[in-house]
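Novice: got a predicted structure plus its sequence, pasted below:
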Amino acid sequence: MTSLVSLNQATVHLGARQSGAPALAAVSLTIGVGERVALVGANGSGKSTLLRLLHGLARPSAGQVAHAPDLRQAMLFQKPHLLRLSVQTNVALGLWLAGRSWSDAMARALEALARVGLAALAGRNARRLSGGQVQRVALARAWALTPQLLLLDEPTASLDPHAKREVERMVQEFAAQSPDVTLVFASHNLGQVKRLASRVIYLEHGRVLADLPVAEFFTGARMAESHPEAHSFIRGELV
């Protein structure tokens, strides 16, 4: 399996002083091509920090992070920011900044919006969209960049049930149509983890305490013995 990104004893402290308990503590892992990796754990466990580290938005205070050369990646945030411009322009800007001509970027943006069912809203002000529509625009913006690594931070957490299903379905379709694309996503929804992931990483207080195939994580006969913290989390015994 070809490695896209690897961490070796990576530690992250938040804030300028680099003191106190780290947000991530000595994390070592490798993410390979085509994997579907779910990050689970309670609030404050380090999921978002790990995603930001993988994306280059956070730097390790110790240890190393190595990315494959010329890796194309995109990140979908829990609350994406859209500019007070048209929906199509919001998608096109990233492509233009990446070096495409403006006409090519606008054409690609419209194609991406069609993929998420929002081509009819291309000319609407992006600030007038619903929460579910905003997430779909953000997914289109990521898809338009043809990433090899797609990172998602609780992409359905603040959405109503219908919007959750729509965004999850689109992520599934994106992954199915692009089998070489690697997904790494944080989620509190264990049903969603079962549906989307092939591998589960459980974090607690900034440490990786379990890293298992999805079937073994949820049904492994010896989970309670080998990974008691993760087993308790699955059973709803940890907050």
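Specialist: Nice, thanks for sending it over. Numbers count the residues shown, from 1 in each chain.

Novice: test my guess that L7 contacts H67.
Specialist: No - assessed by C-beta atoms under 8 Å, L7 is found out of contact with H67, at 10.4 Å. For the C-beta atoms, the positions are set from N, CA and C on the backbone; glycine is no exception.

Novice: give me the more crowded residue out of the two.
Specialist: When L7 and H67 are compared for neighbours, L7 comes out ahead with 22 against 16, by other C-beta atoms under 10 Å.

Novice: who's in contact with that one?
Specialist: With contacts defined as C-beta atoms under 8 Å, 6 or more residues apart in numbering, L7 is in contact with V27, S28, L29, T30, L53, L54, P60, G63, Q64, V65.

Novice: among the residues you listed, which one sits closest to P80?
Specialist: Nearest to P80 among the contacts of L7 is L54, at 17.7 Å by C-beta to C-beta.

Novice: and the contacts of the one helix or strand in the chain whose mean pLDDT sits lowest?
Specialist: Lowest on mean pLDDT, DSSP states H and E among the helices and strands of the chain sits helix 223-226, with a mean of 82. The set of residues external to helix 223-226 that reach it, using C-beta under 8 Å, 6+ apart, is E216, F217, G220, A230, H231, I234.

Novice: what do you get for stretch 124-137?
Specialist: Taking C-beta under 8 Å, 6+ apart as the rule, stretch 124-137 contacts 76, 80, 82-87, 90-91, 113, 116-118, 121, 155-156, 158-160, 162-164, 166-167, 170.

Novice: grab the nearest non-local neighbour of the most centrally placed residue in the chain.
Specialist: Computing the C-alpha centroid of the chain and ranking residues by C-alpha atoms, centre = their mean puts L152 first, at 1.8 Å. The spatial neighbour of L152 that comes closest, neighbours along the chain excluded (C-beta to C-beta, 6 or more residues apart in numbering), is F185 at 3.8 Å.

Novice: tell me which element the one you found is part of?
Specialist: Using DSSP states H and E, F185 sits within strand 182-186.

Novice: which element follows that strand toward the C-terminus?
Specialist: Later in the chain than strand 182-186, the nearest helix or strand by DSSP H and E is helix 190-196.

Novice: which helices and strands does that next one pack with?
Specialist: Here helix 190-196 touches strand 36-40, helix 161-177, helix 214-219, going by 3 or more C-beta pairs under 8 Å, 6 or more residues apart in numbering; DSSP states H and E.

Novice: the helices in the chain, which residues?
Specialist: Here the chain has its helices, by DSSP state H, at 47-55, 87-97, 102-115, 131-144, 161-177, 190-196, 214-219, 223-226, 228-234.

Novice: hmm, back to that, which parts of the least confident helix or strand of the chain are buried?
Specialist: Neighbour-count burial for helix 223-226, counted by 16 or more other C-beta atoms under 10 Å, picks out M223.

Novice: could you dump that helix to CSV, C-alpha only?
Specialist: Presented in CSV, the C-alpha positions along helix 223-226 are these (Å, rounded to 0.1, in the frame of the first residue of the first chain):
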residue,chain,number,x,y,z
MET,A,223,-11.9,-5.7,22.1
ALA,A,224,-12.7,-5.4,25.8
GLU,A,225,-9.3,-6.9,26.7
SER,A,226,-7.1,-5.5,24.1
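
Novice: how far does that helix sit from the chain's center?
Specialist: 27 Å (C-alpha atoms, centre = their mean, to the nearest Å).

Novice: same check, this time on stretch 71-79
Specialist: Computed by C-alpha atoms, centre = their mean, the chain-centroid distance of stretch 71-79 equals 6 Å.
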